[in-house]
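> Output the structure for:
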Amino acid sequence: MARVYNFSAGPSMLPEAVLRRAADEMLDYGGSGQSVMEMSHRSKEYGEIIGGCEALLRSTMGIPDNYKVLFLQGGASSQFAMVPLNLRKGGKADFVLTGQWAKKAHSEAKKFLCANVVADSSDKTFSYIPKLDPQKFDPDADYFHICYNNTIYGTRFHALPDTGKVPLVADMSSCILSEPVDVSRFGVIYAGAQKNMGPAGLTVVIIREDLIGNADESVPTMFNYKTHADNDSMYNTPPTYAIYICKLVLEWLRDEMGGLSGMKAQNERKAGMFYDYLDSSALFKGTVDKADRSLMNIPFVTGDEELDKKFVKEAAAAGFVNLKGHRSVGGMRASIYNAMPVEGVIKLIEFMKEFERQNG
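The predicted structure follows:
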């Protein structure tokens, strides 16, 4: 069976080399006579897997020694509660609302502290990143929260806010590992793995050590970062297979893609080709302000709902799947995460040109 080009926003496609390696090791990992799925998380073999995954993530992202890496469950959505529960001191935090996930993080935080909105781009369906006025930042806030890349709306931060001594917290679910980032600029980075890191079920948290251990006694054990930091993410059974796949993805990034700098170059090439076509097309139009375009998620429309539906249907029949846009935006969305090859973007553009010729 021929593989399709999967433009899903998540779970997304994985590198073919990773899938083949996992298939080869499915019944017998490293001569152990067992699958990683069956392996005790307390075993020596699995200890090497999770330890290797953390070491690779640290080297790949340049994570400083004074940060902990936690392998958790519950998706990025669980972090909407874990962050305020662990970081609250004065009981205040600042938020930039740039999409659905930023709104959900803000809504959840309001249950635990005073969540101040410093900027909001909902007036234009989150099609841009709002300008930030530092005068609106609370210097006494417990943290400042952003969604670095907005999966649904196709925007991203190209410059980080200067929050001074206030820890910057970023949801990086849909852009982590897509390019180099200066981890030291952040107090907390969290991400669901199912876009660029591996399969659904794993949530990675990168947290500065001084932000651990501040949760009060009312915080549930499993929602306390200290619980997981003190036990090397082994307080309970971690998502073992997802961590194993994440390790394979990190090896692929290192060995085949030239690390994050090489990955960034390829991602910029893919996105550049796609945006260049949208900007020249008489039929398809991007929906995001050019200055705030994402490298990972590209929403676009024809301006005719019925024509959009026709495009999605015909694209799927041609092997380009999961191009339907989110219901809040409509139209189409091409998510071109790390594992999407350049060839997939080129072929999609060729298909779009032919569709435009026939329907424009």
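
> contacting residues around the longest helix seen in the chain?
In the chain, assigned by DSSP state H, the helix with the most residues is helix 259-280. Identification of contacts with helix 259-280 by Cβ atoms under 8 Å, 6 or more residues apart in numbering yields 60-61, 177-180, 253, 257-258, 284-286, 290, 293-296, 298, 300, 334, 336, 338, 340, 342, 345-346, 348-349, 352-353. Every residue, glycine included, has its C-beta placed from N, CA and C.

> 6 Å instead?
178-180, 257, 284, 286, 295, 298, 300, 336, 338, 342, 345, 349 (Cβ atoms under 6 Å, 6 or more residues apart in numbering).

> Next: stretch 228-241.
Around stretch 228-241, the neighbours that count as contacts under Cβ under 6 Å, 6+ apart are V36, M37, H41, K68, L70, F71, Q73, G201, L202, I212, T227.

> Determine which two of those residues are furthest apart.
Greatest spatial distance in those: M37 and I212, 30.5 Å, computed using Cβ to Cβ.

> Comparing these two, which residue is more hemmed in?
I212 (21 against 10; other Cβ atoms under 10 Å).

> Quick check: pLDDT value at that one.
For I212, the model assigns a pLDDT of 98.

> Is it in contact with N224, as I believe?
No. I212 is not in contact with N224 according to Cβ atoms under 6 Å; the separation is 8.8 Å.

> Quick one: residues contacting the nearest residue to N150 once chain neighbours are set aside.
Spatial nearest neighbour of N150, excluding adjacent residues (Cβ to Cβ, 6 or more residues apart in numbering): G99 at 3.8 Å. Contact partners of G99, counting by Cβ under 6 Å, 6+ apart, are F126, C147, N150, I152, Y153.

> From I49, how far off is G99?
For G99, the distance to I49 equals 34 Å [Cβ to Cβ, to the nearest Å].

> Can you show me the strands along the stretch 101-250 of the chain?
Using DSSP state E, counting those that start in this stretch, the strands found in the stretch 101-250 of the chain span residues 114-120, 143-147, 149-150, 155-156, 168-171, 188-192, 203-208.

> related to what we said a few turns ago, need the buried ones from the contacts of stretch 228-241 selected in ChimeraX.
Here is the ChimeraX selection string for the buried members of these, based on 16 or more other Cβ atoms under 10 Å:
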select :36,41,68,70,71,201,202,212,227
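
> now the contacts of stretch 228-241 in JSON lines, with distance to N6?
Listed next are these as JSON lines, based on distance: Cβ to Cβ, whole Å:
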{"residue": "V36", "distance to N6": "23"}
{"residue": "M37", "distance to N6": "23"}
{"residue": "H41", "distance to N6": "30"}
{"residue": "K68", "distance to N6": "33"}
{"residue": "L70", "distance to N6": "29"}
{"residue": "F71", "distance to N6": "25"}
{"residue": "Q73", "distance to N6": "24"}
{"residue": "G201", "distance to N6": "18"}
{"residue": "L202", "distance to N6": "19"}
{"residue": "I212", "distance to N6": "37"}
{"residue": "T227", "distance to N6": "36"}
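
> In terms of distance to V4, which of the contacts of stretch 228-241 ranks first?
G201 (22.6 Å).

> hang on, the closest one packs against I245?
No. Using Cβ under 6 Å, G201 makes no contact with I245, being 9.5 Å away.

> on that earlier part again, just flag the most distant two among the contacts of helix 259-280.
Checking the contacts of helix 259-280 with Cβ to Cβ, the most distant pair is P180 and F284, at 30.9 Å.

> So between those two, which is more surrounded?
Each of P180 and F284 has its neighbours counted (other Cβ under 10 Å); F284 has more, 25 against 14.

> excluding its backbone neighbours, what's nearest that one?
For F284, the spatially nearest residue (Cβ to Cβ, 6+ apart) is F300, at 5.1 Å.

> show me the contacts for L248.
V18, R21.

> how close does it get to V36?
L248 is 10 Å from V36, by Cβ to Cβ.

> Kindly report the same for D28.
On the measure of Cβ to Cβ, D28 and V36 end up 10 Å apart.

> show me where pLDDT drops low in the stretch 201-350 of the chain?
Scanning the stretch 201-350 of the chain for pLDDT under 70 picks out no residues.

> residue ranges for the helices of it, please.
225-230, 240-256, 259-280, 305-317, 342-359 (DSSP state H, counting those that start in this stretch).

> which one of those helices lies closest to L19?
That would be helix 240-256 among those, by Cβ to Cβ, at 8.9 Å.

> and the residue nearest to F284, what are its bridge partners?
Per DSSP bridges, the residues bridged to F300 are G286, M332.

> you'd agree it is up against R333?
No. Assessed by Cβ under 6 Å, F300 is found out of contact with R333, at 7.5 Å.
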